[in-house]
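K.L.:
Generate a structure from the sequence data that follows.
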Amino acid sequence: MGYVLSVRGDWRAGPPAEPVASGRTLLPGDTIHAGRPPWRGHEIVIVRREGGAVRYRCADSPVAEPTPAAWDCSRPIVLAPLAHVPLHARILDAVMSHFGRHATRPTSLVSRGILDRDLREAVAILHNDGLDLSDALPALPAGEYDFTLVPIQVDGAVVRETGVPATSRLAWDPRAPVALPRIGLQPGLHELSMTGGSDVAWVLICAGARCDTVRAEFEQVREITSRWAGQVSASDARAFVRAALDLLSYRATGH
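P.N.:
Just a heads-up that it's a prediction; the model follows:
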C-alpha cells in the first residue's frame with residue numbers, strides 16, 4: 001500500500017485505469033503508468049506505507065535497465081505487497097487522507113524562498129511566560145529578531161488569515177533559548193516569519209495537557225520525511241509536513 005505525494009504529467013492507476021492526483025491511495029497490485037507519449041518531464045513520487053518514498057522519472061530515451069531515476073514509461077509501475085506495518089503507519093495514513101482532500105496543496109499567504117531555511121515547521125508550546133519557538137529555529141544564529149505570527153486556517157486550496165498578526169522582538173540565543181512574549185497568542189495554526197528573513201514556516205501553537213501527544217505525533221511525521229532524502233523535493237516534503245500540522249490543528253480545535 002502507498003500514496004501519491006506529487007505528480008507531474010499524465011499518470012494513470014488501477015484497475016480500472018484512472019487519472020492520478022496527489023493524495024491518491026495505491027493498493028497492492030495496482031499498476032501505475034504514464035499516459036500517452038511524449039513523456040518528457042513526467043514524474044511521480046510514491047510514498048510507501050513503510051515510510052520510504054520513490055521518485056519515478058520518465059527517461060528521455062529508451063533505457064536497457066530502467067531505474068526509478070530513468071524509468072521506461074512504456075512499462076507499468078507495480079506496487080508490491082506491504083512487507084510490514086511500521087509504527088508510524090497510522091499517522092502517515094491520517095496525513096495522506098487529509099492531504100488528499102485539498103484540491104491543490106496549500107500555499108502560504110506570503111511567497112518566500114523554500115530552500116533558504118531560517119525557520120522550520122514545528123509545534124510550539126504556549127506557557128504562562130510565553131511561547132517556546134526553539135523547535136522552529138534550529139539553524140538561526142544568535143541575535144535580536146522581530147517575529148510575526150499570523151493565525152491561519154486551511155480551506156481546501158485556500159489559506160486564510162483568521163486573526164490579527166502579532167509581532168514581538170526576541171533576543172535569541174540557541175544555547176539559552178527564551179520564550180517569545182505571549183502578545184495575545186492563542187492555540188492554533190500560524191504562519192511564522194521574521195523581519196529581514198527570506199523564509200516563512202507554519203507553526204502549530206499548542207497549550208494544555210495534550211501537547212505532549214501532539215508533539216510526539218509530529219515527531220513521527222519528521223521521522224517519515226527523514227527517509228525521503230534524494231527522492232522528494234523540499235517543496236513536496238514541506239507540503240506534507242504542513243498538511244500534518246493542519247491535521248493536528250483540526251484534531252485539537254475542530255477547524
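
K.L.:
Let me see the contact set for residue 18.
P.N.:
residue 12 (Cβ atoms under 8 Å, 6 or more residues apart in numbering). From N, CA and C alone the C-beta is placed, and that goes for glycine too.

K.L.:
Wait, residue 159 touches residue 189, no?
P.N.:
No - judged on Cβ atoms under 8 Å, residue 159 makes no contact with residue 189 at a distance of 9.3 Å.

K.L.:
Look up the residues that both of those two are in contact with.
P.N.:
With Cβ under 8 Å, 6+ apart as the test, residue 159 and residue 189 both reach 152-153.

K.L.:
Which one of these two is surrounded by more residues?
P.N.:
Set side by side, residue 159 and residue 189 show more neighbours around residue 189, with 24 against 21, by other Cβ atoms under 10 Å.

K.L.:
Now do the same contact list for that one.
P.N.:
Taking Cβ under 8 Å, 6+ apart, we find residue 189 in contact with 151-154, 202-205, 245-246, 249.

K.L.:
quick one: it from residue 250, how far?
P.N.:
Separation of residue 189 from residue 250 (Cβ to Cβ, to the nearest Å): 9 Å.

K.L.:
go on, residue 11?
P.N.:
Residue 11 is 29 Å from residue 250, by Cβ to Cβ.

K.L.:
all strands for the stretch 151-255 of the chain, in order.
P.N.:
158-161, 166-172, 188-194, 200-206 (DSSP state E, counting those that start in this stretch).

K.L.:
could you dump the ones you listed to CSV with distance to residue 90?
P.N.:
Formatted as CSV, these follow (distance: least, Cβ to Cβ, whole Å):
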stretch, distance to residue 90
strand 158-161, 26
strand 166-172, 34
strand 188-194, 21
strand 200-206, 19
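
K.L.:
Could I get these in CSV, plus columns for mean pLDDT and distance to residue 78?
P.N.:
As requested, the strands of the stretch 151-255 of the chain are arranged in CSV below (pLDDT from 0 to 100; distance: least, Cβ to Cβ, whole Å):
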stretch, mean pLDDT, distance to residue 78
strand 158-161, 88, 37
strand 166-172, 94, 50
strand 188-194, 95, 38
strand 200-206, 95, 36
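
K.L.:
Looking at those strands, which is nearest to residue 138?
P.N.:
strand 200-206 (10.9 Å; Cβ to Cβ).

K.L.:
Relative to that closest one, what are the paired strands and their orientations?
P.N.:
Sheet partners assigned to strand 200-206 using DSSP bridges are listed as strand 122-127 (parallel), strand 188-194 (antiparallel).

K.L.:
Format the CA atom coordinates belonging to stretch 48-67 as PDB.
P.N.:
The C-alpha trace of stretch 48-67 is given here as PDB (Å, rounded to 0.1, in the frame of the first residue of the first chain):
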ATOM      1  CA  ARG A  48       5.300   3.600   0.600                       C
ATOM      2  CA  ARG A  49       3.300   2.800   3.800                       C
ATOM      3  CA  GLU A  50       6.600   1.500   5.300                       C
ATOM      4  CA  GLY A  51       7.700   5.200   5.100                       C
ATOM      5  CA  GLY A  52      10.100   5.400   2.200                       C
ATOM      6  CA  ALA A  53       9.500   7.300  -1.000                       C
ATOM      7  CA  VAL A  54      10.400   6.700  -4.600                       C
ATOM      8  CA  ARG A  55      10.500   9.300  -7.400                       C
ATOM      9  CA  TYR A  56       9.900   7.800 -10.900                       C
ATOM     10  CA  ARG A  57      11.100  10.000 -13.800                       C
ATOM     11  CA  CYS A  58      10.400   9.100 -17.400                       C
ATOM     12  CA  ALA A  59      13.600   8.600 -19.300                       C
ATOM     13  CA  ASP A  60      14.100  10.900 -22.300                       C
ATOM     14  CA  SER A  61      15.200   7.900 -24.500                       C
ATOM     15  CA  PRO A  62      14.900   4.100 -24.300                       C
ATOM     16  CA  VAL A  63      17.000   2.500 -21.500                       C
ATOM     17  CA  ALA A  64      18.200  -1.100 -21.300                       C
ATOM     18  CA  GLU A  65      18.000  -1.300 -17.500                       C
ATOM     19  CA  PRO A  66      15.400   1.200 -16.200                       C
ATOM     20  CA  THR A  67      15.700   2.700 -12.700                       C
END
